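**Student:** model the following, please.
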Amino acid sequence: MNDLRKEFWEEIYKMAKRDKTIIVLTGDLGFSFCEKFQKDLFKQFINCGIAEQNMIGVAAGLFYEGFKPYCYSNAIFLLSRAHEFVRNDIAYNNTNVHLIGTGAAGFLGFTHNWEKKENEEDLLKNLPNIKRFYPQGKKELLKALKIKGPSFIRL
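**Tutor:** Presented below is the predicted three-dimensional model:
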């Protein structure tokens, strides 16, 4: 799988410069990629810390206030730790919140990596409304970022 993190931050930066309703929330990661966004568009950037459940709740609230939230975190934390919030606040309510899941850091142990028996599809397959994207290049990533409605994009 291609590492599209750099391309994500470049494209979301361009999109957010044109559209002030785009807000990027992060689960305390993205560094070495997000500094330009954070510096130039600081009013559109929220570091929620290591609290993915709260990040999803904040994103849903922002949606209801007219914003277009993009939540960026490790896929395992975004979907596993925050699953109930994703289910209730995003999927069932069909909110226009985009979940951007990055690769796991296996060298940090099992807490930061998927077991062989589990993956994001296991957590997403029974949730309504969430479109899933696994882009292999920049063109597919751009298409996924512009979709309407809830989505999960695996970088």
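
**Student:** strands along the chain, start to end?
**Tutor:** 22-26, 45-47, 68-74, 98-102, 131-133, 151-154 (DSSP state E).

**Student:** can you say which of these is nearest to residue 81?
**Tutor:** When these are compared by CB to CB, strand 68-74 sits nearest residue 81, at 8.9 Å. Glycine gets a C-beta too; all of them are placed from N, C-alpha and C.

**Student:** list the strands paired with that closest one, with their directions.
**Tutor:** Paired with strand 68-74 in the same sheet, following DSSP bridges, are strand 22-26 (parallel), strand 98-102 (parallel).

**Student:** so, low pLDDT: which residues of the protein?
**Tutor:** Applying pLDDT under 70 to the chain flags residues 1, 30, 104-118.

**Student:** where exactly do the helices run in the protein?
**Tutor:** For the chain, applying DSSP state H gives helices covering 5-18, 35-40, 52-64, 75, 83-85, 120-124, 138-145.

**Student:** now these as TSV including distance to residue 28 and mean neighbour count?
**Tutor:** Formatted as TSV, the helices of the chain follow (distance: least, CB to CB, whole Å; neighbours: other CB atoms under 10 Å):
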stretch	distance to residue 28	mean neighbour count
helix 5-18	15	17
helix 35-40	12	14
helix 52-64	9	20
helix 75	15	21
helix 83-85	17	16
helix 120-124	20	16
helix 138-145	22	16
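
**Student:** can you list those helices in a markdown table and add distance to residue 96?
**Tutor:** A markdown table is the format used below for the helices of the chain (distance: least, CB to CB, whole Å):
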| stretch | distance to residue 96 |
| --- | --- |
| helix 5-18 | 14 |
| helix 35-40 | 20 |
| helix 52-64 | 6 |
| helix 75 | 20 |
| helix 83-85 | 16 |
| helix 120-124 | 17 |
| helix 138-145 | 12 |
